[in-house]
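Engineer: Quick one, structure for this:
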Amino acid sequence: MFSRTSIIIVIIFSVALLLRILLALTNRDANDNHVDVVSWIVDKNEIPERKDCWSCYQPKLYYVLSAGIVKALNLIVITKRIVAMQFLNVFFAFFILLIFWKFLEEQNLALRIKIFLFALFAFNPCLIGINCQATNDTLGILAGIAFTYFLLNHLVNHDNKSFLLAVLFLIISCLTKASGLLISVILLIVLAIRFFNARSGLMRINIAKQFLIFLISFTLIVPFFGGYYNNFKKYKSFAMSAWEKDPPPKFFERTYIDRPGVKDMFHGFLTFRYYDMIKQPYINSGWEGYPEHRTSLWSQLYGRTFFMHFDQWPESWQSQKPFIVQVGRALIILGIIPLLLFIIGIICIALGAFKNIFHRKELSVDAVHLFIAACFLCASIKYNYDYRDFAAMKSIYIFPALLSFLKLIGDGWNRFVSFKIFNRTITYVLTFIICLSIIDVIYLIIQQINYHNYF
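Structural biologist: Residues are numbered from 1 along each chain as shown. Take a look at the predicted model:
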């Protein structure tokens with residue numbers, strides 16, 4: 001017999017997966033064109049380079065896997081290739097959901113908190129949306145989440161298997177997206193801190209062995225199979241982009257690029273335009289007449305995380321009909337609660353980390369979560385410093401750190417467990433967010449059916 005909890009988790013898991021399957025069946029669009037890379041590999045039997053197409057600068061693991069499926073199924077029509085790529089991502093999304101729950105199961109949280117957090121992340125509309133696009137982002141997200149899960153398991157259990165799996169997913173991340181290089185730096189820093197904090201010579205020897213395993217594996221695989229050596233040789237840069245870097249923004253003085261974006265550092269990186277997002281819970285792609293929150297990085301990360309229609313992109317995903325705008329407005333309003341829990345989690349873990357530093361204790365698991373989240377948020381600032389167009393302000397770029405965000409929100413909520421009024425309020429708010437998120441996704445599925453005239 002299944003327990004009540006098991007039944008609830010299976011229902012959440014199944015519905016979240018079903019929504020992804022339905023959207024993958026009906027959707028034909030993506031934020032960027034990635035199918036051209038796969039078609040180049042399939043039709044020309046060669047790996048394209050940066051100049052060959054829009055997304056050809058990216059590492060090629062996802063495209064090679066997709067090309068293998070396209071060849072095996074002998075898919076000639078582009079739309080069928082897109083659907084095949086999308087279902088590969090739904091397959092990856094299955095493991096993202098699985099890791100979410102496996103991770104929550106191991107946390108010292110009340111069962112009700114675990115269930116609500118699992119539903120909150122499983123039904124996140126922007127995660128569902130990217131899981132159903134023919135892009136390499138979902139594999140990059142899975143690799144980042146799996147890396148975090150196994151690295152933290154290793155720090156708790158000190159088992160070699162978990163460390164090797166963490167290195168494996170780090171390499172998969174590097175071969176999928178350049179954000180894997182950030183994960184590599186994270187692992188190096190974690191190993192270095194553990195080495196210097198080790199209390200015995202034997203522990204230092206073991207950590208040194210782990211460093212050698214990582215270094216040898218990374219050096220033999222990533223530079224060549226990830227295309228980084230070729231990029232550096234031809235373009236003097238390891239990480240590439242389809243865009244050219246913009247002139248650096250000044251701190252207060254506003255300077256303009258084609259489509260703001262970051263106009264200056266103060267308004268770009270030190271503002272959060274909550275009221276402006278409630279007033280207009282979506283952006284436009286024009287050069288003029290855009291809402292002010294389009295020039296605020298934290299506003300964009302917030303809006304693009306909670307409301308799928310916030311981006312108004314791809315084209316067939318656009319809608320400004322009153323019903324879905326009201327859904328988005330409600331999600332923007334209510335999303336402030338998990339954001340506050342996230343901030344509270346950061347503060348609590350940061351205070352604990354400082355105490356450990358003063359007492360020269362070993363690197364804690366909580367501190368690693370905080371470090372991973374901080375690295376991805378800082379990387380987002382750096383990326384938008386270099387590429388100031390608003391299109392670079394994508395929340396999916398920080399999604400490989402979702403497991404750490406989940407941990408921080410959970411710890412923030414855990415601080416209110418003994419306060420019934422706060423605890424009940426959080427539960428009600430998350431219930432509404434989950435329901436509205438599902439409505440957001442179902443609306444898009446119906447929108448796709450109507451847009452492509454399937455019936």
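
Engineer: residue farthest from the centroid of this protein?
Structural biologist: Most distant residue from the mean C-alpha position of the chain: residue 201, 37.9 Å away (CA atoms, centre = their mean).

Engineer: Mind pulling up the pLDDT for it?
Structural biologist: Looking at residue 201, its pLDDT reads 85.

Engineer: ditto for residue 158
Structural biologist: Residue 158 is given a pLDDT of 90.

Engineer: any idea how far residue 145 is from it?
Structural biologist: As judged by CB to CB, to the nearest Å, residue 158 and residue 145 stand 22 Å apart. Bear in mind the C-beta positions are built from the backbone N, C-alpha and C, glycine included.

Engineer: Please apply the same query to residue 64.
Structural biologist: 21 Å.

Engineer: could you list every residue that touches the residue nearest the centre of the chain?
Structural biologist: The centre of the chain sits closest to residue 399, judged by CA atoms, centre = their mean, with a distance of 1.2 Å. Residue 399 makes contact with 127, 130, 137, 141, 144, according to CB atoms under 8 Å, 6 or more residues apart in numbering.

Engineer: So residue 12 is in contact with residue 115, correct?
Structural biologist: Yes. Residue 12 is within contact range of residue 115, at 7.5 Å (criterion: CB atoms under 8 Å).

Engineer: follow-up on the earlier one: the residue farthest from the centre of the chain and residue 274: what is the separation?
Structural biologist: 53 Å.

Engineer: so where's the stretch 301-450 of the chain uncertain?
Structural biologist: 357-361 (pLDDT under 70).

Engineer: if we go to 90?
Structural biologist: 351-364, 416-420 (pLDDT under 90).

Engineer: Do a quick rundown of the strands in it.
Structural biologist: With DSSP state E, counting those that start in this stretch as the criterion, the stretch 301-450 of the chain has no strands.

Engineer: residues making contact with stretch 60-73?
Structural biologist: So stretch 60-73 is in contact with 34, 37-38, 41-42, 47, 80-81, 84-85, 88, 134, 136, 139-140, 172, 175-176, 225-227, going by CB under 8 Å, 6+ apart.

Engineer: now it, how far from the chain's geometric center?
Structural biologist: 22 Å (CA atoms, centre = their mean, to the nearest Å).

Engineer: and it, what's its mean pLDDT?
Structural biologist: Stretch 60-73 comes out at a mean pLDDT of 97.

Engineer: Just the buried ones out of the contacts of stretch 60-73, please.
Structural biologist: For the contacts of stretch 60-73, a burial check counting by 16 or more other CB atoms under 10 Å picks out 34, 37-38, 41-42, 47, 81, 84-85, 88, 134, 136, 139-140, 172, 175-176, 225-227.

Engineer: In helices only, show me these.
Structural biologist: 37-38, 41-42, 81, 84-85, 88, 139-140, 172, 175-176, 225 (DSSP state H).

Engineer: Using TSV, please lay out the residues you listed together with pLDDT and distance to residue 322.
Structural biologist: As requested, those are exported to TSV (pLDDT from 0 to 100; distance: CB to CB, whole Å):
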residue	pLDDT	distance to residue 322
37	97	38
38	97	38
41	97	44
42	97	43
81	98	36
84	98	36
85	98	34
88	98	36
139	98	37
140	98	35
172	98	43
175	97	45
176	97	39
225	93	50
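
Engineer: between residue 12 and residue 115, who's got more neighbours?
Structural biologist: Counted by other CB atoms under 10 Å, residue 12 and residue 115 do not tie: residue 12 has more neighbours, with 20 against 17.

Engineer: Tell me the spacing between that one and residue 24.
Structural biologist: 19 Å.

Engineer: now the contacts of residue 399 as TSV including neighbour count and distance to residue 453?
Structural biologist: What follows is these, written out as TSV (neighbours: other CB atoms under 10 Å; distance: CB to CB, whole Å):
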residue	neighbour count	distance to residue 453
127	27	28
130	23	25
137	26	28
141	28	31
144	31	37
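
Engineer: list the contacts for the closest residue in space to residue 350 that isn't next to it in sequence?
Structural biologist: For residue 350, ignoring the flanking residues on the chain, the nearest one in space by CB to CB, 6 or more residues apart in numbering is residue 370 at 6.2 Å. Taking CB under 8 Å, 6+ apart, we find residue 370 in contact with 346, 349, 350, 353, 404, 408.

Engineer: same thing but at 10 Å, please
Structural biologist: 345, 346, 348, 349, 350, 352, 353, 364, 404, 407, 408, 411 (CB atoms under 10 Å, 6 or more residues apart in numbering).

Engineer: on that earlier part again, where do the contact lists of residue 12 and residue 115 overlap?
Structural biologist: With CB under 10 Å, 6+ apart, residue 12 and residue 115 have common neighbours residue 101.

Engineer: Give me the neighbour count for the closest residue to residue 33 other than its chain neighbours.
Structural biologist: Residue nearest to residue 33 in three dimensions, not counting chain neighbours: residue 54, with 5.2 Å by CB to CB, 6+ apart. By the measure other CB under 10 Å, the count of residues near residue 54 is 13.

Engineer: now swap in residue 72 and tell me
Structural biologist: 9.

Engineer: ok, it to residue 84 distance?
Structural biologist: Residue 72 sits 9 Å away from residue 84, going by CB to CB.

Engineer: now swap in residue 308 and tell me
Structural biologist: With CB to CB as the criterion, residue 308 and residue 84 are 23 Å apart.

Engineer: Repeat that for residue 161.
Structural biologist: 33 Å.

Engineer: what's the answer for residue 347, then?
Structural biologist: From residue 347 to residue 84 the distance is 45 Å (CB to CB).

Engineer: same check, this time on residue 31
Structural biologist: Residue 31 is 18 Å from residue 84, by CB to CB.

Engineer: in which helix or strand would I find residue 24?
Structural biologist: helix 4-26 (DSSP states H and E).

Engineer: name the helices or strands packed onto that helix?
Structural biologist: helix 78-105, helix 111-122, helix 125-131, helix 420-451 (3 or more CB pairs under 10 Å, 6 or more residues apart in numbering; DSSP states H and E).

Engineer: Run through the neighbouring helices and strands of the last one.
Structural biologist: Contacting helix 420-451 under the criterion 3+ CB pairs under 10 Å, 6+ apart are the following elements: helix 4-26, helix 111-122, helix 125-131, helix 297-306, helix 322-334, helix 336-358, helix 402-414.

Engineer: Tell me which other helices or strands the fifth one touches.
Structural biologist: Which is helix 322-334. Using 3+ CB pairs under 10 Å, 6+ apart, helix 322-334 sits against helix 125-131, helix 274-279, helix 297-306, helix 420-451.

Engineer: Good, we can wrap up now.
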